[in-house]
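Peer 1: Provided below are the primary sequence and the corresponding predicted coordinates.
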Amino acid sequence: MITDHFSPDLLKGRTAFITGGGSGVNLAIGKAFAALGARIGICGRTRERLESGRIALEALGAEVFTAVADVRDAEAVQAALDACRLALGPVDILVCGAAGNFVAPAEAISAKGFRTVVEIDLLGTFHATRAAFPQLRETRGNILFVSGGQSFVPFAFQAHVGAAKAGIDNLMRNLALEWGRYGIRCNSIVPGPVKDTEGMKRLGGQEDPDLWRAMTPLGRMAEQEEIGQAAAFLVSPLASYVSGARLCVDGGQNLTGSTLFNAAIARALAAETGDPA
Ligand code: COA
């Protein structure tokens, strides 16, 4: 449990806002923050996911705010952050977690498909940072960008995601540079394979856990809590001089590259389409 290692007051009195915070790794991050005393705002596309997220966060003792907002809609994100401020006070911690993914050969991705992922991941991240900026300047807060290994290792069938995640990491560095003068820290977290998440379902991890174990020096997928623990460190005063950094929380997966993934997904796609791998 995170409170076995960190003080349960580590984030006491802080407000965190998490895009895509109703489920998966983003909810795990919210749960870690909640256990450490933070108030939590979450936004996402579906009311149902937000409500189940709220229940999980409130069970940890957090005050929770939810707003239905698609990060592609800058005005909706602004409205969500403004309403969160009224409910929970100014945001100290912004987590840009909302993301979209599917696997497809580059030649099979339509312009709209490519744009959709870039809009959710990269533009959505920009919208959230832009909307939260006045609050973060006031609190001298910090931003955690949820990146991916595709940002710096090309994964086949992930051209759109790689472009978006590389953009996110560069935006992170740019904002660390520009907003450091306001005391705002910016860092990326790079989750590797994480058990029981939508992302892993989309990347074949649910059907083929052995593939990801073989690709990961630690020989296992992450528990969701392990991403939350690293995120809690990065947004907390323990990391007060860390800005512009990218922290891989991937069991060393980035060291092995994407070759096994590329071959396995090629085989799976070939089996689906009947084309040779
Ligand atoms: N192969 C190729 N293109 C695909 C695709 C696939 N497997 N899945 C979606 N697309 C394309 C669609 O065909 C569409 O383009 P088109 O109209 O030119 O055909 C485009 O992507 C948009 O799809 P749509 O379903 O209308 O978008 P959406 O906004 O409803 O959904 C996605 C966005 C596609 C990213 C969807 O996967 C999603 O909602 N993901 C959120 C959850 C998630 O991915 N979580 C994991 C994060 S790691």
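Peer 2: Ah, there it is. Since this is a predicted model, take the numbers as computed values, not measurements.
Peer 1: what is the neighbour count of A108?
Peer 2: When neighbours are defined as other CB atoms under 10 Å, A108 has 11 of them. Bear in mind the C-beta positions are built from the backbone N, C-alpha and C, glycine included.
Peer 1: quick one, what contacts A99?
Peer 2: Shown in contact with A99 (CB atoms under 8 Å, 6 or more residues apart in numbering): G20, I120, D121, V146, G148, G199.
Peer 1: would you pull up the residue in this protein closest to the ligand?
Peer 2: Closest residue of the chain to the ligand, CB to the nearest ligand atom: G100 (2.6 Å).
Peer 1: okay, the nearest residue to that residue once chain neighbours are set aside: pLDDT?
Peer 2: Nearest-residue entry for G100: I120, 4.1 Å, with adjacent residues in sequence omitted and distances by CB to CB, 6 or more residues apart in numbering. I120 is assigned 98 on the pLDDT scale.
Peer 1: assumed I120 was part of a helix.
Peer 2: Yes: the assignment for I120 (DSSP: H, G, I helix; E, B strand; the rest coil) places it in a helix.
Peer 1: buried residues in the lowest-mean-pLDDT helix or strand in the chain?
Peer 2: In the chain, no helix or strand scores lower on mean pLDDT, DSSP states H and E than helix 198-202, which sits at a mean of 85. Within helix 198-202, the residues that qualify as buried are G199, M200, counting by 16 or more other CB atoms under 10 Å.
Peer 1: quick one: name the residues of the chain near the ligand.
Peer 2: 99-102, 104, 108-110, 112-113, 116-117, 120, 198-199, 202 (CB under 6 Å from any ligand atom).
Peer 1: could you redo the last one with a cut-off of 8 Å?
Peer 2: Contacts of the chain with the ligand, taken as CB under 8 Å from any ligand atom, map to 24, 45, 72, 99-104, 108-117, 120, 148, 161, 197-199, 201-203.
Peer 1: if we can go back for a sec, of the contacts of A99, closest to I184?
Peer 2: I184 lies nearest to V146 out of the contacts of A99, by CB to CB, at 17.3 Å.
Peer 1: let's see stretch 259-275 as PDB, backbone CA atoms only.
Peer 2: Provided in PDB are the C-alpha atoms of stretch 259-275 (Å, rounded to 0.1, in the frame of the first residue of the first chain):
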ATOM      1  CA  THR A 259      10.600  -6.200 -32.300                       C
ATOM      2  CA  LEU A 260       8.700  -8.900 -30.500                       C
ATOM      3  CA  PHE A 261       5.600  -6.700 -30.400                       C
ATOM      4  CA  ASN A 262       5.900  -5.900 -34.100                       C
ATOM      5  CA  ALA A 263       6.100  -9.600 -35.100                       C
ATOM      6  CA  ALA A 264       3.200 -10.700 -32.700                       C
ATOM      7  CA  ILE A 265       0.800  -8.000 -33.900                       C
ATOM      8  CA  ALA A 266       1.700  -8.600 -37.500                       C
ATOM      9  CA  ARG A 267       0.800 -12.300 -37.000                       C
ATOM     10  CA  ALA A 268      -2.500 -11.300 -35.200                       C
ATOM     11  CA  LEU A 269      -3.500  -8.800 -38.000                       C
ATOM     12  CA  ALA A 270      -2.600 -11.400 -40.700                       C
ATOM     13  CA  ALA A 271      -4.800 -14.000 -38.900                       C
ATOM     14  CA  GLU A 272      -7.600 -11.400 -38.900                       C
ATOM     15  CA  THR A 273      -7.300 -10.400 -42.500                       C
ATOM     16  CA  GLY A 274      -6.000 -13.600 -44.000                       C
ATOM     17  CA  ASP A 275      -3.100 -11.600 -45.500                       C
END
